[in-house]
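J.: give me the fold of what follows.
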Amino acid sequence: MAQYNFNLEKDLVEALFLNGSENEGLKEVIKSVLDQILDARADDMCGASRYEQSEERVDYRNGYRDKSLVTRIGTIEIQMPRLRGQSLLTGGLFEKYKSSEQALMAGIAEMVVAGVSTRKIDKIAQTLFGVSISKSQVSRICEMLDPIVSEFRSRPISERIPFIIVDAMYLKVREDERVVSKALYIAMGINMQGKREVLGFMLADSETKERYLEFFRSMKARGLSRVDLVVSDCHSGLVEAVKEVFLGASWQRCQTHFSRNMMDATPKRFWPEVKEMLQEIYTAKDMKTARIRREEAMEFLLADAPRAADLLDDAFDDITAVIALPSHYRKPTRTSNYIERLNEEIRRRERVIRIFPSEGSVMRILGTLLLEIDEKWGVGNRIFEMEEYLIHSSRLDLDSAVEGGQNAAA
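T.: Next comes the predicted model:
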């Protein structure tokens, strides 16, 4: 191991014992020592001192460049010697520093994803490292998340996903000196392990059938298949896209959203009775019972809330699609509550940011958040066991095959 001798000027030594702020004296001493180490290291790598004529010389100096080191006592500006054919950084001299710097960058990115404001990040950085972090620096640091999010978004969907829940939420994004509203499409699923999974997300200018088709087809291209039930609100473009892309799948209209629609169409004095009637339809043990409950509700509504009666009549098949499932699987799939909770996590971050500086920042920050949530779901508890559903699904496949054979024979 090379040994170096250092010379410290008298003024630097005295500065250590003077009353000053921000450890300026110590920073100057460390700067002096580091500059001398780097010069000595450069001489070793060249095989000769500066301007020395030697047959052992293997490289030449090429001036200096400024480099900032972020330390616990603040930022230290050093002079990094440049060599024509080598780099001082390849010798292991700053490996620990590079690791610390990477940890700092990762920590800042993690704080952004966790919903910490830029102002608080700046305060933390000044307290711990004596440096200030601007919004633009935070943005550049977060760019390290891009390849991680891209890999997550494009990963293959190799497992069958019988249930998916879809929704879109609106965010404010800065675009061409304007603040515009963008739709963030999100799809989550319940896989054959009975666990939740973030299937995909996409940012678009609006919420339309064409965009939903693009979103669904992108997931199918990654392997999404054998979808049995799609749960969502009643956005017309979404529903049409589901019918076009997921052939053979049922659509379950979110019962929570439908109940709100019913209340809007019902005089307030009848709300308690209507809520009770809807609950009896939602929890019916089979379709026969659900239809009986519908007729009872229709008789009540036609007299005092005809608009609500028409709404119930039109939407009945859509709000009761889950009744075709075994009873154990109905409650988690009859509403979009799971994805609403996911939206709440996103809103919690969005309230801190308020306006995203670009589309890239939306995908970067919220994509990383969705990745973290997906990982937690992967090691978390099951929504339900899937053994009973496998038997139910196999029976349906068999019935479908028999019916297909009969049709072919006819």
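J.: from Val227, how far off is Gly85?
T.: According to C-beta to C-beta, to the nearest Å, Gly85 and Val227 sit 59 Å apart. Every C-beta, even on glycine, is put in place using the N, C-alpha and C of the backbone.
J.: typo on my end, Ala40
T.: 66 Å.
J.: more neighbours: which of those two?
T.: The neighbour comparison of Ala40 against Val227 (other C-beta atoms under 10 Å) goes to Val227, with 23 against 17.
J.: would you verify that the more buried one is located in a helix?
T.: No: looking at Val227 with DSSP: H, G, I helix; E, B strand; the rest coil, it is coil, so not inside a helix.
J.: so Cys228 sits against Ser393, correct?
T.: Wrong residue type there; residue 228 is Asp, not Cys. Yes: with contacts counted by C-beta atoms under 8 Å, Asp228 reaches Ser393, the gap being 7.1 Å.
J.: buried sites along stretch 33-53?
T.: 33-35, 37-43, 45-46, 48 (16 or more other C-beta atoms under 10 Å).
J.: equivalent analysis for stretch 246-261, please.
T.: By neighbour count on 16+ other C-beta under 10 Å, the buried set for stretch 246-261 is Phe246, Ala249, Ser250, Trp251, Gln252, Arg253, Cys254, Gln255, His257, Phe258, Ser259, Asn261.
J.: which ones among those residues are found in helices?
T.: Gln255, His257, Phe258, Ser259, Asn261 (DSSP state H).
J.: please report how far the spatially closest residue to the last one that is not a sequence neighbour lies from Ile319.
T.: Nearest in space to Asn261, with sequence neighbours left out and distances taken as C-beta to C-beta, 6 or more residues apart in numbering, is Leu311 at 6.3 Å. Separation of Leu311 from Ile319 (C-beta to C-beta): 10 Å.
J.: who does Leu69 bridge with?
T.: Beta-bridge partners recorded for Leu69 (DSSP bridges): Ile76.
J.: list the contacts for it?
T.: Leu34, Thr75, Ile76, Glu77, Ile78, Tyr97 (C-beta atoms under 8 Å, 6 or more residues apart in numbering).
J.: just put these in JSON lines and tack on distance to Ala297 and pLDDT.
T.: As requested, the contacts of Leu69 are exported to JSON lines (distance: C-beta to C-beta, whole Å; pLDDT from 0 to 100):
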{"residue": "Leu34", "distance to Ala297": "80", "pLDDT": "77"}
{"residue": "Thr75", "distance to Ala297": "70", "pLDDT": "71"}
{"residue": "Ile76", "distance to Ala297": "75", "pLDDT": "76"}
{"residue": "Glu77", "distance to Ala297": "76", "pLDDT": "81"}
{"residue": "Ile78", "distance to Ala297": "78", "pLDDT": "82"}
{"residue": "Tyr97", "distance to Ala297": "71", "pLDDT": "51"}
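J.: and the two most separated of the residues you listed?
T.: The largest distance within the contacts of Leu69, taken as C-beta to C-beta, falls between Glu77 and Tyr97 and amounts to 14.2 Å.
J.: where does pLDDT dip in the stretch 301-410 of the chain?
T.: Within the stretch 301-410 of the chain, the stretches with pLDDT under 70 are 396-410.
J.: over to the stretch 101-250 of the chain?
T.: Using pLDDT under 70, the stretch 101-250 of the chain drops low at 101-118, 121-141.
J.: can you map out the strands along this structure?
T.: 61-71, 74-83, 163-175, 178-190, 196-204, 229-232, 250-253 (DSSP state E).
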